[in-house]
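Chemist: what's the 3D shape of this:
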Amino acid sequence: MKKLLILFSVLLFSLSFSEGTYKVNVPKELKLGTVEISQNNAQIEKLFSETFSADTYSAANIRKAFGVADTTNTKEEEILISNTSSFLQNYLNVSKYTINEIAYSDANTASVTITIVNPDIDKYVSANESALEKRAEQYFKEFSGKTVQQVDKDTANQDKYVPVLMAAYFRSLSDNMKNIKDTVTNKETVNVYKKNGVWVLDEKIMDSLIYSRLFN
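Modeler: Prediction:
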């Protein structure tokens, strides 16, 4: 996975204390009161809670993330968006994250170190490839009214069914998400910043945290 995140070096002579279950670092020269720091921490916690919430990945938000307008979708694209949304929601329902540290570099910028525990999808697919493909073929027929073999022969229209094939595979994986017992643990350092008084993540970081783990 392409790394889009920059590791933040904690300044020497910084103020360090614990907030709940994570560490907070504030440079000594940065004049932030304890009330303001607590308010910032609470907003950053909320930001990550929303980022890793299954509800964030509705079909409407998936369209927005990939720049797809409602009015331009084909039937096949809509099938893909709907099943991608369901897949991501199931994926995040069995994923966990923990904030380890919030390190402020100034009043409007902070570096957040988190630990993410995700299902090991690659390992599960390798061990269950045949069963997953068989189930995906069943979903493909359900979604398109055609078998994979029929589409293989219809070379003129194969591109049309690519989104449906992807949707069928996502649906097959989604059905088995709770059966994936192995996990992958990663530690990431994410830069957040305050924009118009609200703490936000860079959209590219969203790609690194969620989408590129699954689609690259």
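Chemist: Only C-alpha atoms from now on, for both contacts and neighbour counts.
Modeler: OK.
Chemist: T56 reaches E50, doesn't it?
Modeler: Yes - under the criterion of CA atoms under 8 Å, T56 makes contact with E50 at 6.5 Å.
Chemist: Looking at those two, which is more packed in?
Modeler: For T56 versus E50, neighbours defined as other CA atoms under 10 Å are more numerous around T56 (17 against 13).
Chemist: Low-confidence ranges, the chain, go.
Modeler: 1-20, 65-66, 68-72, 203-216 (pLDDT under 70).
Chemist: Most distant residue from the centre of it?
Modeler: Going by CA atoms, centre = their mean, the residue of the chain most distant from its centre is K153, 35.9 Å out.
Chemist: quick one: that residue and T147, what's the gap?
Modeler: Look at K153 and T147: by CA to CA, to the nearest Å, they are 10 Å apart.
Chemist: G145: how many residues sit nearby?
Modeler: The tally of other residues near G145 (other CA under 10 Å) stands at 9.
Chemist: Revised request: answer the last question for L173.
Modeler: Residues lying near L173 (other CA under 10 Å) number 23.
Chemist: SS state for it?
Modeler: Secondary structure, DSSP: H, G, I helix; E, B strand; the rest coil: L173 is helix.
Chemist: Name the single longest helix found in this structure.
Modeler: Counting by DSSP state H, the longest helix found in the chain is helix 121-144.
Chemist: who does that one touch, helix- and strand-wise?
Modeler: Where contact means 3 or more CA pairs under 8 Å, 6 or more residues apart in numbering; DSSP states H and E, helix 121-144 is packed against helix 148-153, helix 162-175.
Chemist: ok, now with 7 Å
Modeler: Where contact means 3 or more CA pairs under 7 Å, 6 or more residues apart in numbering; DSSP states H and E, helix 121-144 is packed against helix 162-175.
Chemist: Give me the contacts around the helix it packs on.
Modeler: 76-77, 79-80, 83-84, 87, 90, 132, 135-136, 139-140, 143 (CA atoms under 7 Å, 6 or more residues apart in numbering).
Chemist: Dump it to PDB, restricted to CA.
Modeler: Taking Å, rounded to 0.1, in the frame of the first residue of the first chain, the C-alpha atoms of helix 162-175 are listed here in PDB:
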ATOM      1  CA  VAL A 162     -17.400  -5.500 -15.100                       C
ATOM      2  CA  PRO A 163     -19.100  -3.500 -12.300                       C
ATOM      3  CA  VAL A 164     -21.500  -6.300 -11.800                       C
ATOM      4  CA  LEU A 165     -18.700  -8.900 -11.500                       C
ATOM      5  CA  MET A 166     -17.000  -6.700  -8.900                       C
ATOM      6  CA  ALA A 167     -20.300  -6.300  -7.000                       C
ATOM      7  CA  ALA A 168     -20.800 -10.000  -7.000                       C
ATOM      8  CA  TYR A 169     -17.400 -10.600  -5.600                       C
ATOM      9  CA  PHE A 170     -17.800  -7.900  -2.900                       C
ATOM     10  CA  ARG A 171     -21.200  -9.500  -1.900                       C
ATOM     11  CA  SER A 172     -19.500 -13.000  -1.700                       C
ATOM     12  CA  LEU A 173     -16.800 -11.600   0.600                       C
ATOM     13  CA  SER A 174     -19.300  -9.600   2.600                       C
ATOM     14  CA  ASP A 175     -21.400 -12.700   3.300                       C
END
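Chemist: Return the set of buried residues in that helix.
Modeler: Applying a neighbour-count criterion of 16 or more other CA atoms under 10 Å, the buried positions in helix 162-175 are 163-174.
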